[in-house]
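Enquirer: What follows is a protein structure lacking sequence information:
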């Protein structure tokens, strides 16, 4: 952690990056490192942080006397570019803390990708337009993110327009797919082009089956949900693992893993499907009703590596990353914004993401220590990031080199993170236990 702060947040390094990106062209009263620090550690969200708030902070922390008009000019395209580069550095130079040697026998990485959308004031509708029935009058921003569970690294963390939807993102990032890596993604990213690219690059996928994907037997005979329901009835099993072909134009061979859900879950799904159909003025087909009875996943991972009983638990690791973003929205309120010029909005949001990555390094360090004591234990993301708010001001002192990091860890950080262990809901296991079970695969 000390290496990360000294290297990535040194004033020399940040100021040099600012010159290289064109944010700073000659010596100014406001140094780039002070600009970043004020944005990162502002106490409020973007909607509640004003220019006078920031100029007051610069005066108090760095004795910088700058008017709000002068600060307003610093929020520019060059400022956005500078902060994007700083964010990339934070992503690329994260130190790997986990050595999952057993799992690495099968996968070189386990990448989980998703996106999170939030509304913006209507003045941003040109740069961040809305779409469909979602936020028709306001703007809409999309946050794309990808995380490697094995290394603990964030691979992608970027602000984009929703016009570049998940399917488009999937197609545009095909070149980033790497041999031997496992990719777990939400349905929005799954297309025949993406799945074929994963196979062609000798990588692996694990997803829910897309609704539009036609299913065929290995003899190229159509297989509907009526036939699948018949197989369950005939065998009396609650899970099936079949080799199938998907789609029609370019058939894709994979495993189809299906499990029956409980009666309560089935009735709940059916109720939601009927409400949705009624809202859109359409009927609910028998095929759709049958499909509500099952969880269905597709993968090209061999059964010896990922047996049927581990499929759903492995896929649901994706929820851990969704929990991170739910936490960031709840506690850091990155979705709360007000009407300011676009470059200021982007600068403030990018700075908060850099702040979050810094705290994520702390989370990983703490979590690594706990897991060394107990492989199935770990720190709760929700509890930890709630505590981050408490020690944010003192962490700022460490970044500014006005407080020794060893003293900070011992006196402030460690006492605050006591009792933040991850607890499983009744009848379920924590994601740490799921990962630990994957480690034992031979």
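Expert: It's in. All values derive from a computational prediction rather than experimental measurement.
Enquirer: Low-confidence bits of this protein, can you list those?
Expert: 1-8, 93-103, 125, 131-138, 320, 327-328, 332, 371, 373-377, 416-442 (pLDDT under 70).
Enquirer: And the longest strand seen in the chain, what does it pack against?
Expert: Longest strand of the chain, by residue count under DSSP state E: strand 109-120. For strand 109-120, the elements it packs on are strand 139-148, strand 181-185, helix 318-327, judged by 3 or more CB pairs under 8 Å, 6 or more residues apart in numbering; DSSP states H and E. Just so you know, the C-beta spots here come from the backbone N, C-alpha and C atoms, and that holds for glycine as well.
Enquirer: now that strand, how far from the chain's geometric center?
Expert: Distance, stretch centre to chain centre, for strand 109-120: 4 Å (CA atoms, centre = their mean, to the nearest Å).
Enquirer: Tell me where this protein has strands.
Expert: Using DSSP E, strands in the chain cover 109-120, 139-148, 153-161, 181-185, 204-208, 215-216, 239-246, 252-260, 294-299.
Enquirer: Would you reformat those as a markdown table and include distance to residue 402 and mean neighbour count?
Expert: Formatted as a markdown table, these follow (distance: least, CB to CB, whole Å; neighbours: other CB atoms under 10 Å):
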| stretch | distance to residue 402 | mean neighbour count |
| --- | --- | --- |
| strand 109-120 | 34 | 20 |
| strand 139-148 | 32 | 21 |
| strand 153-161 | 28 | 18 |
| strand 181-185 | 42 | 23 |
| strand 204-208 | 47 | 22 |
| strand 215-216 | 62 | 18 |
| strand 239-246 | 58 | 17 |
| strand 252-260 | 55 | 19 |
| strand 294-299 | 51 | 20 |
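Enquirer: Tell me which of those strands lies nearest to residue 399.
Expert: Between residue 399 and the strands of the chain, the shortest separation by CB to CB is 19.1 Å, and it involves strand 153-161.
Enquirer: partner strands of that closest one, parallel or antiparallel?
Expert: Strand pairing for strand 153-161, determined by DSSP bridges: strand 139-148 (antiparallel).
Enquirer: got the angle between the partner strand and strand 109-120?
Expert: Angle of strand 139-148 versus strand 109-120, following axes from the mean of the first three to the mean of the last three CA atoms, to 10 degrees, is 170 degrees.
Enquirer: Just want the angle from strand 139-148 to helix 318-327.
Expert: 140 degrees.
Enquirer: before we move on, back to that, distance to residue 233 for the strands of the chain - can I get that in CSV?
Expert: CSV is the format used below for the strands of the chain (distance: least, CB to CB, whole Å):
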stretch, distance to residue 233
strand 109-120, 35
strand 139-148, 40
strand 153-161, 43
strand 181-185, 31
strand 204-208, 23
strand 215-216, 18
strand 239-246, 11
strand 252-260, 11
strand 294-299, 13
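Enquirer: Among those, which comes closest to residue 28?
Expert: strand 153-161 (26.1 Å).
Enquirer: now that closest one, how far from the centre of its chain.
Expert: 8 Å.
Enquirer: got the helices and strands packed on strand 109-120 as JSON lines, with distance to residue 270 columns?
Expert: Compiled in JSON lines, the helices and strands packed on strand 109-120 are given as follows (distance: least, CB to CB, whole Å):
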{"stretch": "strand 139-148", "distance to residue 270": "31"}
{"stretch": "strand 181-185", "distance to residue 270": "26"}
{"stretch": "helix 318-327", "distance to residue 270": "23"}
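Enquirer: Which one, of those, ends up nearest to residue 82?
Expert: Distance to residue 82, taken as CB to CB, is lowest for strand 139-148 among the helices and strands packed on strand 109-120, at 19.4 Å.
Enquirer: what angle do that closest one and strand 181-185 make?
Expert: Computed by the same axes, to 10 degrees, the angle separating strand 139-148 from strand 181-185 equals 150 degrees.
Enquirer: residue contacts, residue 241?
Expert: By CB atoms under 8 Å, 6 or more residues apart in numbering, the contact list for residue 241 reads 255, 256, 257, 258, 303, 308.
Enquirer: circling back: ok, which of the strands of the chain comes nearest residue 30?
Expert: Nearest of these (CB to CB): strand 153-161, 23.7 Å.
Enquirer: Need the residues that contact the closest one.
Expert: By CB under 8 Å, 6+ apart, the list of residues contacting strand 153-161 reads 84, 87, 91, 94, 96, 111, 113, 127-129, 141-148, 169, 173, 346, 349-350, 353, 357, 360.
Enquirer: Repeat that for stretch 286-297.
Expert: Residues contacting stretch 286-297 (CB under 8 Å, 6+ apart): 206-209, 211, 224-226, 228-229, 256-261, 266, 269-270, 273, 311-312, 315.
Enquirer: What is the end-to-end distance of that stretch?
Expert: Taking CA to CA, to the nearest Å, the first and last residues of stretch 286-297 lie 21 Å apart.
Enquirer: on that earlier part again, so which of the contacts of residue 241 comes closest to residue 334?
Expert: residue 257 (35.6 Å).
Enquirer: buried sites along stretch 196-206?
Expert: For stretch 196-206, burial by neighbour count (16 or more other CB atoms under 10 Å) applies to 197, 198, 201, 203, 204, 205, 206.
Enquirer: swap that for stretch 219-234, sorry
Expert: Those would be 223, 225, 228, 229, 232, for stretch 219-234 by 16+ other CB under 10 Å.
Enquirer: what separates that stretch from the chain centre, distance-wise?
Expert: Worked out by CA atoms, centre = their mean, stretch 219-234 lies 36 Å from the chain centre.
Enquirer: Equivalent analysis for stretch 202-210, please.
Expert: With CA atoms, centre = their mean, you get 18 Å for stretch 202-210.
Enquirer: State the distance spanning the first to the last residue of it.
Expert: Taking CA to CA, the first and last residues of stretch 202-210 lie 21 Å apart.
Enquirer: got it, and stretch 90-105?
Expert: End to end - CA to CA - stretch 90-105 spans 28 Å.
Enquirer: Repeat that for stretch 164-181.
Expert: Across stretch 164-181, first to last residue, CA to CA, it's 24 Å.
Enquirer: How much space separates residue 208 from residue 123?
Expert: Noted for residue 208: a distance of 37 Å to residue 123, by CB to CB, to the nearest Å.
Enquirer: Then residue 45?
Expert: 18 Å.
Enquirer: now swap in residue 190 and tell me
Expert: Taking CB to CB, one finds residue 190 at 34 Å from residue 123.
Enquirer: Tell me where the stretch 301-442 of the chain has helices.
Expert: 308-315, 318-327, 342-373, 381-399, 405-408, 414-416, 431-439 (DSSP state H, counting those that start in this stretch).
Enquirer: Quick one: those as CSV, columns for mean neighbour count and distance to residue 248 too.
Expert: Output for these, formatted as CSV (neighbours: other CB atoms under 10 Å; distance: least, CB to CB, whole Å):
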stretch, mean neighbour count, distance to residue 248
helix 308-315, 17, 25
helix 318-327, 17, 28
helix 342-373, 20, 41
helix 381-399, 18, 41
helix 405-408, 14, 59
helix 414-416, 12, 56
helix 431-439, 19, 34
